[in-house]
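Participant: below are the sequence and a predicted model for it; my questions follow.
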Amino acid sequence: MNDKIIFLAGPTAAGKSAAALILAERVGAEIVSCDSMQVYRGMDIITSKPSPEDRRRLPHHLIDILPATEDYSAFRYYEDAVKTVEDILGRGRTPLFVGGTGLYVSVVLDGLFACAPEERGLREGFYKEAESAQGAAALYERLRQCDPQAAARIHPNDLRRVVRALEVYTLTGRPISEKQKERSGLYGRYQVEVFCLTPPREELYRRVNARVDEMFAAGLQQEVRGLLSLPLSRAAGYAIGLQELKGYFEGKYALEEARRLIKMNTRHYAKSQLTWFRKDKRVRWVDNAGARPEEAAEKLWKESLL
RNA sequence: GGCGGUAUAGCCAAGUGGUAAGGCAGUGGUCUGCAAAACCACUAUUCAGCGGUUCGAAUCCGCUUGCCGCCU
(Lines give C-alpha, C1' and ligand atoms only; values in the text may rest on other atoms or scores of the structure.)
Protein backbone atom coordinates (compact mmCIF):
# COMPACT_ATOMS: atom_id res chain seq x y z
CA MET A 1 0.00 0.00 0.00
CA ASN A 2 1.11 3.53 -0.57
CA ASP A 3 -0.26 4.95 2.60
CA LYS A 4 2.47 6.28 4.77
CA ILE A 5 2.83 6.14 8.51
CA ILE A 6 5.56 7.92 10.43
CA PHE A 7 6.78 7.06 13.89
CA LEU A 8 8.68 9.64 15.87
CA ALA A 9 10.07 7.84 18.88
CA GLY A 10 12.73 8.88 21.33
CA PRO A 11 13.46 9.26 25.02
CA THR A 12 11.60 11.72 27.25
CA ALA A 13 12.58 15.34 26.92
CA ALA A 14 14.28 14.75 23.61
CA GLY A 15 12.08 17.35 21.95
CA LYS A 16 9.71 15.03 20.10
CA SER A 17 6.44 16.89 20.61
CA ALA A 18 7.66 20.26 19.40
CA ALA A 19 9.31 18.79 16.34
CA ALA A 20 6.29 16.63 15.62
CA LEU A 21 3.97 19.59 15.56
CA ILE A 22 5.96 21.32 12.86
CA LEU A 23 6.49 18.15 10.88
CA ALA A 24 2.82 17.23 11.08
CA GLU A 25 1.73 20.56 9.70
CA ARG A 26 4.15 20.27 6.88
CA VAL A 27 3.18 16.77 5.78
CA GLY A 28 -0.52 16.93 6.58
CA ALA A 29 -0.37 14.53 9.50
CA GLU A 30 -2.38 13.97 12.62
CA ILE A 31 -0.55 13.09 15.76
CA VAL A 32 -1.07 9.78 17.51
CA SER A 33 0.42 9.72 20.98
CA CYS A 34 2.42 6.61 21.69
CA ASP A 35 2.70 6.98 25.41
CA SER A 36 1.48 4.63 28.10
CA MET A 37 0.78 7.44 30.56
CA GLN A 38 -0.65 10.22 28.43
CA VAL A 39 -3.68 8.05 27.82
CA TYR A 40 -4.81 8.95 31.34
CA ARG A 41 -6.94 11.95 32.09
CA GLY A 42 -5.77 14.23 34.83
CA MET A 43 -2.12 13.33 34.45
CA ASP A 44 -1.14 16.45 32.55
CA ILE A 45 1.91 17.95 34.16
CA ILE A 46 3.35 14.66 35.27
CA THR A 47 3.34 13.31 31.71
CA SER A 48 4.22 16.59 29.99
CA LYS A 49 1.20 16.35 27.75
CA PRO A 50 0.99 18.64 24.74
CA SER A 51 -0.66 21.91 25.73
CA PRO A 52 -4.33 22.59 24.97
CA GLU A 53 -3.21 25.15 22.40
CA ASP A 54 -1.09 22.60 20.59
CA ARG A 55 -3.91 20.12 20.72
CA ARG A 56 -6.24 22.65 19.20
CA ARG A 57 -3.75 23.41 16.51
CA LEU A 58 -3.67 19.81 15.33
CA PRO A 59 -5.63 16.65 16.14
CA HIS A 60 -3.88 14.58 18.79
CA HIS A 61 -5.13 11.05 19.30
CA LEU A 62 -4.91 8.55 22.15
CA ILE A 63 -4.43 11.18 24.80
CA ASP A 64 -6.89 11.47 27.70
CA ILE A 65 -8.82 8.41 26.67
CA LEU A 66 -9.45 6.94 30.10
CA PRO A 67 -9.47 7.80 33.79
CA ALA A 68 -6.37 7.15 35.86
CA THR A 69 -8.36 4.73 37.94
CA GLU A 70 -8.50 2.29 35.06
CA ASP A 71 -5.85 -0.10 33.81
CA TYR A 72 -4.62 0.11 30.29
CA SER A 73 -2.28 -2.22 28.45
CA ALA A 74 -0.15 -2.72 25.40
CA PHE A 75 -2.84 -4.82 23.83
CA ARG A 76 -5.52 -2.22 24.28
CA TYR A 77 -3.14 0.29 22.80
CA TYR A 78 -2.60 -1.92 19.81
CA GLU A 79 -6.32 -2.09 19.14
CA ASP A 80 -6.85 1.63 19.67
CA ALA A 81 -3.89 2.49 17.48
CA VAL A 82 -4.98 0.35 14.57
CA LYS A 83 -8.43 1.89 14.68
CA THR A 84 -6.96 5.38 14.83
CA VAL A 85 -4.69 4.73 11.89
CA GLU A 86 -7.61 3.60 9.77
CA ASP A 87 -9.58 6.71 10.68
CA ILE A 88 -6.77 9.06 9.83
CA LEU A 89 -5.94 7.37 6.56
CA GLY A 90 -9.63 7.39 5.73
CA ARG A 91 -9.50 11.14 6.03
CA GLY A 92 -6.65 11.22 3.60
CA ARG A 93 -4.15 12.28 6.18
CA THR A 94 -0.97 10.75 7.56
CA PRO A 95 -0.68 9.19 10.99
CA LEU A 96 2.33 10.50 12.87
CA PHE A 97 3.00 8.44 15.97
CA VAL A 98 4.85 10.39 18.60
CA GLY A 99 6.01 8.97 21.87
CA GLY A 100 8.52 7.12 23.91
CA THR A 101 6.82 3.94 25.02
CA GLY A 102 8.97 1.47 23.16
CA LEU A 103 6.72 -1.48 23.68
CA TYR A 104 3.77 0.40 22.24
CA VAL A 105 5.77 1.35 19.18
CA SER A 106 6.82 -2.25 18.66
CA VAL A 107 3.36 -3.56 19.24
CA VAL A 108 1.87 -1.34 16.56
CA LEU A 109 4.70 -2.15 14.20
CA ASP A 110 4.72 -5.88 14.68
CA GLY A 111 1.39 -6.83 16.13
CA LEU A 112 0.94 -8.72 19.28
CA PHE A 113 -0.59 -12.11 19.16
CA ALA A 114 -0.12 -13.95 22.38
CA CYS A 115 -3.91 -13.78 22.28
CA ALA A 116 -4.58 -14.80 25.79
CA PRO A 117 -6.41 -12.14 27.72
CA GLU A 118 -4.96 -11.74 31.14
CA GLU A 119 -7.11 -13.60 33.53
CA ARG A 120 -7.17 -11.98 36.92
CA GLY A 121 -7.59 -14.97 39.18
CA LEU A 122 -5.14 -17.15 37.35
CA ARG A 123 -2.43 -14.55 37.36
CA GLU A 124 -2.94 -13.65 40.99
CA GLY A 125 -2.72 -17.34 41.81
CA PHE A 126 0.68 -17.60 40.19
CA TYR A 127 1.94 -14.60 42.04
CA LYS A 128 0.69 -15.98 45.30
CA GLU A 129 2.50 -19.20 44.59
CA ALA A 130 5.66 -17.28 43.94
CA GLU A 131 5.58 -15.80 47.41
CA SER A 132 6.49 -19.03 49.15
CA ALA A 133 10.13 -19.89 49.68
CA GLN A 134 10.75 -21.99 46.59
CA GLY A 135 7.68 -20.70 44.79
CA ALA A 136 9.30 -18.66 42.06
CA ALA A 137 11.80 -21.38 41.27
CA ALA A 138 8.99 -23.91 41.08
CA LEU A 139 7.07 -21.75 38.64
CA TYR A 140 10.12 -21.43 36.48
CA GLU A 141 10.56 -25.17 36.58
CA ARG A 142 6.99 -25.60 35.42
CA LEU A 143 7.64 -23.26 32.55
CA ARG A 144 10.65 -25.31 31.56
CA GLN A 145 8.40 -28.33 31.39
CA CYS A 146 5.65 -26.84 29.26
CA ASP A 147 7.61 -24.30 27.23
CA PRO A 148 11.35 -24.90 27.25
CA GLN A 149 11.85 -22.40 24.48
CA ALA A 150 10.33 -19.55 26.43
CA ALA A 151 12.12 -20.66 29.58
CA ALA A 152 15.43 -20.45 27.80
CA ARG A 153 14.79 -16.82 26.96
CA ILE A 154 13.38 -15.74 30.28
CA HIS A 155 15.59 -15.24 33.30
CA PRO A 156 14.41 -17.27 36.32
CA ASN A 157 14.14 -14.09 38.37
CA ASP A 158 11.96 -12.39 35.80
CA LEU A 159 8.78 -13.38 37.54
CA ARG A 160 6.49 -11.28 35.38
CA ARG A 161 7.45 -13.01 32.18
CA VAL A 162 7.50 -16.42 33.79
CA VAL A 163 3.96 -15.83 34.98
CA ARG A 164 2.75 -14.43 31.68
CA ALA A 165 4.20 -17.39 29.81
CA LEU A 166 2.52 -19.83 32.17
CA GLU A 167 -0.68 -17.86 31.92
CA VAL A 168 -0.72 -18.08 28.13
CA TYR A 169 0.06 -21.76 28.27
CA THR A 170 -2.65 -22.69 30.73
CA LEU A 171 -5.21 -20.49 29.01
CA THR A 172 -4.56 -21.59 25.46
CA GLY A 173 -2.74 -24.86 25.81
CA ARG A 174 -0.04 -23.55 23.56
CA PRO A 175 3.38 -22.19 24.49
CA ILE A 176 3.80 -18.43 24.33
CA SER A 177 7.03 -18.90 22.44
CA GLU A 178 5.04 -20.38 19.58
CA LYS A 179 2.29 -17.81 19.66
CA GLN A 180 4.78 -14.99 19.59
CA LYS A 181 5.97 -16.07 16.19
CA GLU A 182 2.65 -15.06 14.70
CA ARG A 183 3.52 -11.49 14.11
CA SER A 184 1.90 -9.00 11.87
CA GLY A 185 1.09 -5.40 12.54
CA LEU A 186 1.34 -2.28 10.49
CA TYR A 187 4.89 -2.64 9.38
CA GLY A 188 4.34 -4.77 6.31
CA ARG A 189 1.02 -3.24 5.41
CA TYR A 190 1.98 0.39 4.99
CA GLN A 191 4.96 2.44 4.09
CA VAL A 192 6.31 2.91 7.56
CA GLU A 193 9.18 5.10 8.67
CA VAL A 194 10.53 4.99 12.18
CA PHE A 195 12.67 7.71 13.65
CA CYS A 196 14.29 8.05 17.00
CA LEU A 197 14.97 11.64 17.90
CA THR A 198 17.48 12.37 20.63
CA PRO A 199 20.21 14.78 21.57
CA PRO A 200 23.54 13.39 22.81
CA ARG A 201 23.33 11.66 26.18
CA GLU A 202 24.76 14.45 28.25
CA GLU A 203 22.41 17.01 26.78
CA LEU A 204 19.50 14.64 27.09
CA TYR A 205 20.11 14.28 30.82
CA ARG A 206 20.40 18.03 31.21
CA ARG A 207 17.09 18.40 29.42
CA VAL A 208 15.48 15.77 31.62
CA ASN A 209 16.59 17.59 34.74
CA ALA A 210 15.38 20.89 33.38
CA ARG A 211 12.02 19.43 32.45
CA VAL A 212 11.48 18.08 35.94
CA ASP A 213 12.15 21.54 37.32
CA GLU A 214 9.61 22.92 34.86
CA MET A 215 7.09 20.37 36.01
CA PHE A 216 7.51 21.48 39.60
CA ALA A 217 7.16 25.09 38.53
CA ALA A 218 3.98 24.23 36.68
CA GLY A 219 2.35 22.76 39.76
CA LEU A 220 3.37 19.14 39.81
CA GLN A 221 2.91 18.86 43.54
CA GLN A 222 -0.71 19.90 43.44
CA GLU A 223 -1.50 17.63 40.54
CA VAL A 224 0.11 14.65 42.22
CA ARG A 225 -1.60 15.38 45.51
CA GLY A 226 -4.89 15.18 43.68
CA LEU A 227 -3.96 12.01 41.85
CA LEU A 228 -2.86 10.31 45.03
CA SER A 229 -6.27 10.92 46.56
CA LEU A 230 -7.82 8.73 43.85
CA PRO A 231 -7.87 4.95 43.71
CA LEU A 232 -5.31 4.96 40.90
CA SER A 233 -5.06 1.90 38.74
CA ARG A 234 -1.88 -0.07 39.01
CA ALA A 235 -0.66 0.92 35.57
CA ALA A 236 -1.33 4.62 36.15
CA GLY A 237 0.31 4.39 39.55
CA TYR A 238 3.63 3.66 37.92
CA ALA A 239 4.08 7.15 36.54
CA ILE A 240 7.38 8.61 37.63
CA GLY A 241 6.72 11.33 40.19
CA LEU A 242 3.89 9.69 42.05
CA GLN A 243 5.79 7.54 44.51
CA GLU A 244 8.60 10.04 44.83
CA LEU A 245 6.27 12.81 45.90
CA LYS A 246 4.23 10.48 48.04
CA GLY A 247 7.32 9.86 50.14
CA TYR A 248 7.67 13.58 50.61
CA PHE A 249 3.99 14.06 51.47
CA GLU A 250 4.33 11.33 54.08
CA GLY A 251 7.27 13.13 55.62
CA LYS A 252 9.84 10.49 54.78
CA TYR A 253 12.19 13.02 53.21
CA ALA A 254 12.47 16.61 52.09
CA LEU A 255 11.00 18.07 48.91
CA GLU A 256 14.43 18.40 47.38
CA GLU A 257 14.94 14.68 47.81
CA ALA A 258 11.72 14.00 45.93
CA ARG A 259 12.88 16.28 43.16
CA ARG A 260 16.23 14.51 43.05
CA LEU A 261 14.56 11.10 42.86
CA ILE A 262 12.22 12.16 40.09
CA LYS A 263 15.12 13.45 38.04
CA MET A 264 17.11 10.32 38.65
CA ASN A 265 14.29 7.95 37.80
CA THR A 266 13.44 9.92 34.70
CA ARG A 267 17.06 9.66 33.59
CA HIS A 268 16.91 5.92 34.11
CA TYR A 269 13.77 5.83 32.08
CA ALA A 270 15.32 7.80 29.24
CA LYS A 271 18.29 5.48 29.22
CA SER A 272 16.18 2.38 28.92
CA GLN A 273 14.11 3.98 26.18
CA LEU A 274 17.30 4.41 24.19
CA THR A 275 18.17 0.79 24.79
CA TRP A 276 14.80 -0.29 23.46
CA PHE A 277 15.06 1.70 20.25
CA ARG A 278 18.66 0.74 19.66
CA LYS A 279 17.76 -2.88 19.23
CA ASP A 280 15.32 -2.19 16.40
CA LYS A 281 17.30 -1.92 13.20
CA ARG A 282 14.42 -0.25 11.40
CA VAL A 283 14.73 2.94 13.37
CA ARG A 284 16.63 5.80 11.91
CA TRP A 285 18.40 8.00 14.38
CA VAL A 286 18.09 11.72 14.20
CA ASP A 287 20.32 13.85 16.36
CA ASN A 288 18.54 16.67 18.11
CA ALA A 289 21.50 18.47 19.63
CA GLY A 290 20.46 21.96 20.60
CA ALA A 291 16.83 20.88 20.54
CA ARG A 292 15.65 23.36 17.95
CA PRO A 293 12.22 22.14 16.87
CA GLU A 294 12.34 23.70 13.40
CA GLU A 295 15.72 22.18 12.75
CA ALA A 296 14.65 18.76 13.96
CA ALA A 297 11.49 18.89 11.89
CA GLU A 298 13.54 19.88 8.88
CA LYS A 299 15.86 16.93 9.32
CA LEU A 300 12.96 14.56 9.77
CA TRP A 301 11.19 15.93 6.76
CA LYS A 302 14.22 15.48 4.54
CA GLU A 303 14.80 12.00 5.88
CA SER A 304 11.23 10.97 5.31
CA LEU A 305 11.39 11.91 1.67
CA LEU A 306 14.17 9.45 1.02
C1' G B 1 49.42 25.73 69.36
C1' G B 2 47.90 21.06 72.42
C1' C B 3 44.98 16.57 72.75
C1' G B 4 41.74 12.99 70.56
C1' G B 5 39.38 10.88 66.29
C1' U B 6 39.20 9.84 61.14
C1' A B 7 40.98 8.96 56.00
C1' U B 8 38.49 2.41 51.45
C1' A B 9 35.36 3.77 43.85
C1' G B 10 31.60 9.77 41.92
C1' C B 11 28.63 9.05 46.87
C1' C B 12 27.36 5.90 51.34
C1' A B 13 29.94 1.88 53.38
C1' A B 14 31.85 -3.47 55.39
C1' G B 15 36.46 -5.27 56.32
C1' U B 16 41.70 -5.05 62.65
C1' G B 17 47.48 -9.61 59.48
C1' G B 18 46.18 -13.86 54.56
C1' U B 19 45.33 -11.47 49.36
C1' A B 20 39.06 -5.38 48.68
C1' A B 21 31.43 -7.28 51.10
C1' G B 22 27.20 -4.58 49.90
C1' G B 23 24.12 -0.37 48.42
C1' C B 24 23.47 4.10 45.33
C1' A B 25 25.10 6.49 40.98
C1' G B 26 27.27 5.13 36.00
C1' U B 27 27.53 1.88 31.62
C1' G B 28 25.68 -2.20 28.62
C1' G B 29 21.59 -5.43 27.89
C1' U B 30 16.65 -8.34 28.01
C1' C B 31 11.77 -7.34 26.85
C1' U B 32 5.55 -8.16 22.71
C1' G B 33 -1.69 -8.16 27.07
C1' C B 34 1.17 -3.99 34.21
C1' A B 35 6.37 -1.36 29.98
C1' A B 36 7.21 5.76 33.16
C1' A B 37 6.86 -1.66 34.65
C1' A B 38 9.84 -5.96 35.56
C1' C B 39 14.50 -8.39 35.03
C1' C B 40 19.97 -9.30 33.97
C1' A B 41 25.26 -8.14 33.49
C1' C B 42 29.61 -5.07 34.06
C1' U B 43 32.17 -1.47 37.01
C1' A B 44 38.74 -0.38 42.95
C1' U B 45 45.53 -4.90 40.73
C1' U B 46 43.81 -1.41 45.11
C1' C B 47 42.43 1.04 50.54
C1' A B 48 45.23 9.75 51.45
C1' G B 49 50.97 9.97 50.66
C1' C B 50 55.80 8.24 52.06
C1' G B 51 58.71 4.93 54.89
C1' G B 52 59.05 0.69 58.37
C1' U B 53 57.72 -4.33 60.74
C1' U B 54 56.22 -9.11 58.50
C1' C B 55 56.66 -14.87 54.33
C1' G B 56 52.32 -11.72 53.76
C1' A B 57 49.41 -5.08 55.53
C1' A B 58 43.49 -1.63 53.85
C1' U B 59 44.43 -3.90 58.52
C1' C B 60 50.47 -3.12 63.06
C1' C B 61 54.35 1.14 63.77
C1' G B 62 56.42 6.14 62.37
C1' C B 63 56.24 10.62 59.70
C1' U B 64 53.49 13.90 56.29
C1' U B 65 48.86 15.74 54.40
C1' G B 66 43.38 16.52 54.53
C1' C B 67 38.95 16.51 57.35
C1' C B 68 36.13 16.34 62.24
C1' G B 69 35.87 17.25 67.33
C1' C B 70 37.54 19.07 72.15
C1' C B 71 40.94 22.27 74.78
C1' U B 72 43.98 26.75 75.00
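Facilitator: That came in fine, so what should we check first?

Participant: got the residues of the stretch 201-306 of chain A near RNA strand B?
Facilitator: When proximity is defined as C-beta under 7 Å from any atom of the strand, the stretch 201-306 of chain A approaches RNA strand B at A:201, A:234-235, A:238-241, A:264-269, A:271-276, A:278-279. Yep, even glycine has a C-beta here, placed from its N, CA and C like the rest.

Participant: buried subset of these?
Facilitator: Among these, the ones that count as buried by 16 or more other C-beta atoms under 10 Å are A:235, A:239-241, A:265-267, A:269, A:273-274, A:276.

Participant: for the stretch 101-250 of chain A, which segments count as helices?
Facilitator: A:102-110, A:120-131, A:135-146, A:148-153, A:159-172, A:176-179, A:201-217, A:220-228, A:242-249 (DSSP state H, counting those that start in this stretch).

Participant: now check the third one, is it near RNA strand B?
Facilitator: Right, the one you point to is helix A:135-146. No: judged by C-beta under 7 Å from any atom of the strand, helix A:135-146 and RNA strand B are separated, with a smallest distance of 9.9 Å.

Participant: just checking, what packs against that helix?
Facilitator: Contact analysis of helix A:135-146 by 3 or more C-beta pairs under 8 Å, 6 or more residues apart in numbering; DSSP states H and E lists helix A:120-131, helix A:148-153, helix A:159-172 as its packing neighbours.

Participant: how far does the longest one sit from its chain's centre?
Facilitator: I take that to be helix A:159-172. Distance of helix A:159-172 from the chain centroid (C-alpha atoms, centre = their mean, to the nearest Å) equals 22 Å.

Participant: in that helix, which residues are buried?
Facilitator: For helix A:159-172, a neighbour-count test (16+ other C-beta under 10 Å) marks A:159, A:161-169, A:171 as buried.

Participant: format the residues you listed as TSV; extra columns: distance to A:Ala20 and pLDDT.
Facilitator: Below are the buried residues of helix A:159-172 laid out as TSV (distance: C-beta to C-beta, whole Å; pLDDT from 0 to 100):
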residue	distance to A:Ala20	pLDDT
A:Leu159	36	94
A:Arg161	32	94
A:Val162	37	95
A:Val163	36	93
A:Arg164	32	92
A:Ala165	36	93
A:Leu166	40	93
A:Glu167	36	91
A:Val168	35	90
A:Tyr169	40	91
A:Leu171	38	87
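
Participant: restrict those to those near RNA strand B?
Facilitator: Restricting those to those near RNA strand B - C-beta under 7 Å from any atom of the strand - leaves A:159, A:161, A:163-164, A:168.

Participant: dump these into CSV; add distance to A:Asp71 as well.
Facilitator: Formatted as CSV, those follow (distance: C-beta to C-beta, whole Å):
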residue, distance to A:Asp71
A:Leu159, 19
A:Arg161, 18
A:Val163, 16
A:Arg164, 15
A:Val168, 18
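
Participant: tell me where the model's unsure across chain A.
Facilitator: For chain A, the stretches with pLDDT under 70 are A:1, A:114, A:133, A:306.

Participant: show me what the longest helix along it is packed against.
Facilitator: Assignment by DSSP state H gives helix A:255-278 as the longest helix of chain A. The contact analysis (3+ C-beta pairs under 8 Å, 6+ apart) places helix A:255-278 against helix A:102-110, strand A:191-198, helix A:201-217, helix A:242-249.

Participant: got the buried residues for the second one?
Facilitator: Read it as strand A:191-198. Those would be A:192-198, for strand A:191-198 by 16+ other C-beta under 10 Å.

Participant: out of those residues, who's nearest A:Arg57?
Facilitator: Using C-beta to C-beta, the shortest approach to A:Arg57 within these belongs to A:Leu197, at 19.6 Å.

Participant: follow-up on the earlier one: neighbouring strands for whichever helix or strand comes after the longest helix of chain A, and are they parallel or not?
Facilitator: Counting by DSSP states H and E, the element after helix A:255-278 in chain order, helix or strand, is strand A:284-287. Note on strand A:284-287: by DSSP bridges, its sheet partners are strand A:191-198 (parallel).

Participant: the partner strand vs helix A:255-278, what angle?
Facilitator: Orientation check (axes from the mean of the first three to the mean of the last three C-alpha atoms, to 10 degrees): strand A:191-198 against helix A:255-278 gives 140 degrees.

Participant: strand A:191-198 near RNA strand B anywhere?
Facilitator: No: if you take C-beta under 7 Å from any atom of the strand as the test, strand A:191-198 misses RNA strand B, and the best it gets is 11.8 Å.

Participant: cool, stretch A:177-189 as well?
Facilitator: Yes: using C-beta under 7 Å from any atom of the strand, stretch A:177-189 reaches RNA strand B at A:180, A:183.
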